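Trainee: Quick one, what's the 3D model for this:
(one chain, ligands or ions: 1)
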Amino acid sequence: MRIAADNQVSVAGFLHRNEGFSFVAEAEGELIGNILCGHDGRCGYVYHLAVSQHSRREGLASAMLASSIEALRQHGIAQCHTFVAFRNLTALKFWRSVGGNLRPDLRVVTIDVEERLPPAGKGRSHGPMLDTGTSLP
Ligand SMILES: CC(C)(COP(=O)(O)OP(=O)(O)OC[C@H]1O[C@@H](n2cnc3c(N)ncnc32)[C@H](O)[C@@H]1OP(=O)(O)O)[C@@H](O)C(=O)NCCC(=O)NCCS
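Mentor: Residues are numbered from 1 along each chain as shown. Model (predicted):
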């Protein structure tokens, strides 16, 4: 998921706050894969996972994820979550192959912090749910 905060400073800050959970794959000095992982004390999260096109299906993502999961385990974190775009079938197949369970009981809700929310209660409208067109009940 690419967002405006994907820049060197914010990623460096993330790595500083979550040291030891993220990994890269390199070949001949070239970066060919990376995983961005951290935890909040209760659950782990994989925020980013990618492997260069020409290096896919070689087990790199599985290996990087295994390293992150092991680091979480060593810190007593029992569960790890990730967001997967609805139409990213490759990613869904990948997560299934590593034992991931889809959560049909959950939806992702996003609030744009830069936008001012109207006061709670009276007059508060329920807007559409982003690109799904679904309204909050
Ligand atoms: C998803 C991604 C990270 C997988 O990386 P990878 O290094 O190719 O994954 P692995 O080699 O560890 O694959 C492990 C298993 O996942 C499944 N899998 C991975 N890619 C697949 C594909 N294109 N089609 C079907 N199954 C696939 C397979 O079961 C595979 O095992 P196998 O190769 O023995 O059949 C990679 O395709 C990628 O970078 N995609 C673009 C970014 C992205 O979508 N990231 C996920 C965000 S949630």
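
Trainee: for G38, which residues make a bridge with it?
Mentor: As for beta bridges, G38 partners with Y45 under DSSP bridges.

Trainee: Counting neighbours, what do you get for it?
Mentor: 21 (other CB atoms under 10 Å). From N, CA and C alone the C-beta is placed, and that goes for glycine too.

Trainee: so it sits right up against F14, yeah?
Mentor: Yes. At 6.6 Å, G38 counts as touching F14 under the criterion of CB atoms under 8 Å.

Trainee: Identify the contacts common to those two.
Mentor: Y47 (CB atoms under 8 Å, 6 or more residues apart in numbering).

Trainee: quick one: contacts for the residue nearest to the spatial centre of the chain?
Mentor: Centroid-nearest residue in the chain: Y47, 2.5 Å away (criterion: CA atoms, centre = their mean). By CB under 8 Å, 6+ apart, Y47 lies in contact with 1, 14, 36-38, 82.

Trainee: What residues sit buried inside the longest helix belonging to the chain?
Mentor: As assigned by DSSP state H, the longest helix anywhere in the chain is helix 60-74. Neighbour-count burial for helix 60-74, counted by 16 or more other CB atoms under 10 Å, picks out 60-61, 64-65, 67-69, 71-72.
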